[in-house]
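*Asks:* Next comes the sequence, and after it the predicted model I'd like to discuss.
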Amino acid sequence: MTGDSRTTGEIAASTAESPSSLTTPPDASPATVTRRRPGGRAVGLVLWVVGGLVLAMTLVRAVPYDGVTPLAQIVGVTPWVVPLALLVAATALAVRRRLLAILCAVALAAQAAWVAPFFVPGQGIEADAQGTLRVLTVNAYFGQADAAAVVRLVHDQDADVLAVVELTADFHDRLEAAGIEAVMPHHLDAKVGTGSPGSGLWSRTALTDPDTTEWSTFAMPAATVDVDGTPVRVTAVHPVPPLPEITGVWHQEMADLARRAHDEPLPQVLLGDFNSTYDHASFRAVLGDRFHDATRTAGRGLNLSWPVGERIPTFLDLDHVVVDEGMRVDDLTSLAVPGSDHRALAVTVQVAP
């Protein structure tokens with residue numbers, strides 16, 4: 001009995017002197033075990049790099065200015081940041097990088113708020129509505145598009161007005177040979193020659209008060225059409241693209257377009273290749289508090305129109321129909337044009353709801 005008591009006492013003393021020896025491995029402390037997170041430093045570093053990209057892209061979209069490189073070139077990919085932000089936020093939360101998860105969740109909320117309106121259906125137009133105008137915009141890609149296919153689109157879409165940018169003299173002749181004048185006998189163009197400067201308007205009804213003022217690098221002709229008694233000013237839009245070496249020119253032409261549009265007292269429809277997306281501050285400046293983008297108003301998703309080809313997926317929405325506030329839009333259709341690097345866009349506009 002005496003020996004048993006002495007052994008029990010020694011065990012109790014040993015336990016009292018080293019309480020952690022029964023719960024912690026010999027080569028680790030409790031603090032080390034607590035700090036260890038899934039994935040280790042390598043995963044954390046990768047997450048912060050990708051998360052930093054998400055945060056930077058969100059900041060670029062939030063800045064109300066895009067007249068410099070690289071802002072003008074990268075802000076257009078804003079919608080594609082949404083799935084990336086969701087992935088980083090979820091992964092960061094799973095591996096207990098809580099600060100990064102919170103920051104990416106905030107970025108995700110902002111990105112979703114910018115993209116969501118494109119998926120909320122608009123009011124549309126009633127079937128028997130009066131005062132409607134069906135418009136079609138086509139980029140002829142330096143005149144290389146299939147002119148006969150464009151004339152077929154005019155017929156198929158029952159278009160009232162056609163705007164063609166990158167209109168060349170050769171493409172103009174091929175449109176006429178394909179019969180454009182039989183369905184749209186009224187025509188106006190400017191800077192038609194070779195390359196991308198030329199633009200033109202065709203219409204089923206008279207084009208009055210034509211304006212071919214050379215205020216921009218690429219032509220942006222405008223004229224007035226009568227829509228059931230309402231005069232509507234129509235402009236074929238095509239500013240230069242925001243390439244790094246001419247970003248300032250693009251920004252100025254967008255500002256000039258905004259000024260001219262807002263100074264025009266008549267109801268308006270502006271259509272063409274804006275070389276900008278809704279995420280560009282310069283495009284939203286054109287809209288201001290008067291105009292709205294038909295694609296966003298229709299609420300049927302993003303109208304990705306460029307580039308069209310086999311090597312690069314179509315990922316930017318550069319082609320738009322912009323209408324006066326109060327006008328309704330419906331039947332927005334994205335269309336393939338053989339030979340063009342842009343998809344065409346057809347929209348029905350109710351000019352006097």
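*Replies:* Cool, the structure landed. Residues are numbered from 1 along each chain as shown.
*Asks:* List the contacts of V192.
*Replies:* Counting by Cβ atoms under 8 Å, 6 or more residues apart in numbering, V192 makes contact with 167-169, 172, 198, 200, 219. All C-beta spots, glycine's among them, are computed from the backbone N, C-alpha and C.
*Asks:* Where does the prediction get shaky in the stretch 51-200 of the chain?
*Replies:* In the prediction, the stretch 51-200 of the chain carries no residues with pLDDT under 70.
*Asks:* What segments of it are strands?
*Replies:* 132-139, 161-165, 186-190, 199-203 (DSSP state E, counting those that start in this stretch).
*Asks:* Run a quick neighbour tally on L55.
*Replies:* By other Cβ atoms under 10 Å, 19 other residues sit near L55.
*Asks:* May I ask which of the contacts of V192 has the most neighbours?
*Replies:* Busiest of those [other Cβ under 10 Å] is L167, holding 32 neighbours.
*Asks:* Report the contact partners of the closest residue to that one other than its chain neighbours.
*Replies:* Excluding its sequence neighbours, the residue lying closest to L167 (Cβ to Cβ, 6 or more residues apart in numbering) is G198, at 3.9 Å. By Cβ under 8 Å, 6+ apart, the residues touching G198 are 165-169, 172, 189-192, 218-219.
*Asks:* Now do the end-to-end distance for stretch 263-276.
*Replies:* 21 Å (Cα to Cα, to the nearest Å).
*Asks:* in it, what counts as buried?
*Replies:* 264, 267-276 (16 or more other Cβ atoms under 10 Å).
*Asks:* Farthest-apart pair in these, please.
*Replies:* Greatest spatial distance among the buried residues of stretch 263-276 (Cβ to Cβ): P267 and N275, at 24.4 Å.
*Asks:* And the contacts of stretch 243-257?
*Replies:* Under Cβ under 8 Å, 6+ apart, the answer for stretch 243-257 is 66-70, 72-73, 215-217, 220, 237, 239-242, 270, 274-276, 280, 282-283, 285-286.
*Asks:* For the longest helix along the chain, buried residues please.
*Replies:* Ranked by residue count and defined by DSSP state H, the top helix of the chain is helix 40-62. Under the neighbour-count criterion of 16+ other Cβ under 10 Å, helix 40-62 has 44, 47-48, 50-51, 54-55, 57-58, 60-61 buried.
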